[in-house]
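Asker: I'd like to go over a predicted model; first the sequence, then the structure.
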Amino acid sequence: MSADSSAEVRHFLDLDRLDAGTLRQILDLGSACKRDGAFVEEKPLAGRQLAMIFEKPSTRTRVSFEVGMRQLGGQAVILEQQGSQLGRGETVADTARVLCRYVDVIMLRTTREENLLELAENSTVPVINGLTNRTHPCQLMADVMTFEEHLGPIKDRRVAWCGDGNNMATSWIHAAVRFEFELRVATPEELQPPQAVLDWAAAHGGRIVLGNDVEAAVDGADCVVTDVWTSMGDDETESFKQRRHNLLAGYRVDERVMRIANDDAIFMHCLPAHRGEEVAAEVIDGPRSVVWDEAENRLHAQKGILLWCLT
């Protein structure tokens, strides 16, 4: 590692920051890892080090990145906020300047997008967005991979989003533009995705249909997606949760909703899920659910991201 490296640094910060060809290249790398076991014997990341910083708890992100790095020959170091100087007031910028002297790539899972951007601005090694309050691009790479494994190319297909217009909804909007599919979003009026994201999609020719009617969104959909009603970092009070429940109860994905979608439509959820809230148990545990394939594909999609960043 060198602090004065002049080589271009390949950050993976968000889908809207990368062009469609680059995202497809990353997916192809990940698919090759899964399909052929490509790169496992060659160990292209031997001697490389990944630092993972967790400001928010994780199961899938932590395990998939660590296992993926090891399968490619590298190693991973895990830093949790209270186990590092970040938890004692060291700035993100100073943390970046130190870590890039030790490691070859940094993954951050954070509450604030500003932390991710500050880390990338001050790092001479690639930075990967493991989740922010705004987006979750690693999950979307796994989701697109999963869709195409089950239903073929996602271009010109229809995906329906039901529920909160949260960080996952934003990444689905980014993906719809980059991978050229139609996204129909059904949310309560006050929980719509950020207007800036919708404006970006419109400016880039995105086929985003925004509304409040679940049935209209799901009609003719090839894939139905939802997420939890209360995300990590949200208000944990019972009054907040009850208000969310009242707003989102009509957006639950159940068998009735899935019957409106295409006969071969699949169901996706980034997990963890709350059965009986945003999704009925018979849907997430039923034959149209591909959530376990999604979870597995985090490993393969992220190996594609690591390879793109470092090779």
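Answerer: All right, it came through fine. In this text, all values refer to a predicted model and were calculated from it rather than measured experimentally.

Asker: alpha carbons only for contacts and neighbour counts from here, please
Answerer: Fine.

Asker: Look up how far D14 lies from N246.
Answerer: Note on N246: its distance to D14, by CA to CA, to the nearest Å, is 32 Å.

Asker: cool, G206 as well?
Answerer: To D14, G206 is 16 Å away according to CA to CA.

Asker: of the two, who's got more company?
Answerer: For G206 and D14, the more surrounded residue by other CA atoms under 10 Å is G206, and the numbers stand at 22 against 19.

Asker: residue contacts, that one?
Answerer: Taking CA atoms under 8 Å, 6 or more residues apart in numbering, we find G206 in contact with 173, 176-177, 180, 182.

Asker: from those residues, which two are the most distant?
Answerer: The span of the contacts of G206, defined through CA to CA, is set by I173 and E180 at 10.3 Å.

Asker: neighbour-wise, which of these two wins?
Answerer: Neighbours were counted for I173 and for E180 using other CA under 10 Å; I173 has more, 27 against 18.

Asker: right, and that one touches D199 too?
Answerer: No: contact criterion CA atoms under 8 Å: I173 and D199 do not qualify, at 10.7 Å.

Asker: Point out where the stretch 151-300 of the chain drops to low pLDDT.
Answerer: For the stretch 151-300 of the chain, applying pLDDT under 70 flags the ranges 232-235.

Asker: Going along the chain, name the helices of it.
Answerer: Under the criterion DSSP state H, counting those that start in this stretch, helices of the stretch 151-300 of the chain are mapped to 167-179, 195-203, 214-218, 238-248, 255-260, 281-284, 291-310.

Asker: Now whichever strand or helix holds L117: average pLDDT?
Answerer: Per DSSP states H and E: L117 is located in helix 113-121. Average pLDDT, helix 113-121: 96.

Asker: pLDDT averaged over stretch 47-65, what's the number?
Answerer: Averaged over stretch 47-65, pLDDT sits at 95.

Asker: can you list the residues that contact it?
Answerer: Contacts for stretch 47-65 (CA under 8 Å, 6+ apart): 69, 73-81, 99, 102-111, 130, 232, 295, 298-299, 302-303.

Asker: quick one: buried residues of it?
Answerer: By 16 or more other CA atoms under 10 Å, the buried positions in stretch 47-65 come out as 48-56, 60-62, 64-65.

Asker: ok, these vs T311, which is closest?
Answerer: Nearest to T311 among the buried residues of stretch 47-65, with distances taken as CA to CA, is R48, at 10.7 Å.

Asker: measure the closest one to E66 for me?
Answerer: Distance from R48 to E66, by CA to CA: 12 Å.

Asker: And for D222?
Answerer: D222 sits 32 Å away from E66, going by CA to CA.

Asker: what's the answer for D36, then?
Answerer: 20 Å.

Asker: Between these two, point out the one with more neighbours.
Answerer: E66 (20 against 9).

Asker: and the more buried one, that one's in a helix?
Answerer: Yes: judged by DSSP: H, G, I helix; E, B strand; the rest coil, E66 forms part of a helix.

Asker: hang on, it packs against L72?
Answerer: No: counting by CA under 8 Å, E66 sits too far from L72 to count as a contact (10.1 Å).

Asker: still on that earlier bit, just to be sure, which of the contacts of stretch 47-65 are found in helices?
Answerer: Members of the contacts of stretch 47-65 lying in helices (criterion: DSSP state H): 69, 99, 295, 298-299, 302-303.

Asker: For the residues you listed, which two are the farthest from each other?
Answerer: In terms of CA to CA, these reach their longest pairwise distance at L99 and A295, which sit 28.6 Å apart.
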